[in-house]
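**Student:** Below is the sequence, then the predicted model.
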Amino acid sequence: MDGYLYIMDCGDARKVGFSRNPKSRRATVAREWGCDVELVATFVPPGDARDAEAAAHKILSCHHVRAEWFSASVGECREALVVIGCSECSIPHIADQNPPVVFRFSPEELAELEAAKTKHGSYKAAIMAGIRQTLGADETDWPAELRRLAAELETREL
């Protein structure tokens, strides 16, 4: 199988798309579109996932909003996928694993980070201080995706 079809919900619109890892794709979509996105359902396509995605988009075309987003309800999106032969499924446990996040720093940025680490006692404290300096101390004013990133950073060993 070359991937899954998925339905994501972002309040006023649903995204019907294709991904090899829909859970990872959800995070990317949330970051790219700047909204809280829920992965509602995943489906195994009857054949080629990209062909199935195109067929679903054609069925939902009267609800098209932008890109792969539709004003159709979750039920209507689910029905479109079932009509073209997709089977709703759970994603295997391997898709639950978050891929590692890798940051690349220029030599100048690395020197700044090392200096901040010395000042704040750890890389984590240095990064959080930089975020707070840039966005302000009140995390409730931060974008949702950055709040999630900060919360995840707090739980990791660096």
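**Tutor:** Structure received.

**Student:** name the element the residue nearest the centre of the chain belongs to?
**Tutor:** Nearest to the geometric centre of the chain sits A27, at 1.4 Å (C-alpha atoms, centre = their mean). Taking DSSP states H and E as the criterion, A27 maps to helix 22-33.

**Student:** Which SSE is immediately downstream of that helix?
**Tutor:** strand 38-44.

**Student:** for the next helix or strand along the chain from that following strand, packing partners?
**Tutor:** Moving toward the C-terminus from strand 38-44, the next helix or strand (DSSP H and E) is helix 49-59. Contacts defined by 3 or more C-beta pairs under 8 Å, 6 or more residues apart in numbering; DSSP states H and E place helix 49-59 against strand 4-9, strand 14-19, helix 74-83. Where C-beta positions appear, they are placed from N, C-alpha and C, glycine not excepted.

**Student:** residues of helix 49-59 that come out buried?
**Tutor:** Residues of helix 49-59 classed as buried: 49, 52-53, 55-56, 59 (neighbour count, 16 or more other C-beta atoms under 10 Å).

**Student:** CA atoms of the helix or strand containing E145 as PDB?
**Tutor:** E145 is located in helix 144-155, with elements delineated by DSSP H and E. Presented in PDB, the C-alpha positions along helix 144-155 are these (Å, rounded to 0.1, in the frame of the first residue of the first chain):
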ATOM      1  CA  ALA A 144      -1.500  27.200  19.400                       C
ATOM      2  CA  GLU A 145       1.200  25.400  17.500                       C
ATOM      3  CA  LEU A 146       4.000  27.200  19.300                       C
ATOM      4  CA  ARG A 147       2.300  26.500  22.700                       C
ATOM      5  CA  ARG A 148       2.300  22.800  21.800                       C
ATOM      6  CA  LEU A 149       5.900  22.900  20.700                       C
ATOM      7  CA  ALA A 150       6.900  24.600  24.000                       C
ATOM      8  CA  ALA A 151       5.000  22.000  26.000                       C
ATOM      9  CA  GLU A 152       6.700  19.200  24.200                       C
ATOM     10  CA  LEU A 153      10.100  20.800  24.600                       C
ATOM     11  CA  GLU A 154       9.400  21.000  28.400                       C
ATOM     12  CA  THR A 155       9.000  17.200  28.500                       C
END
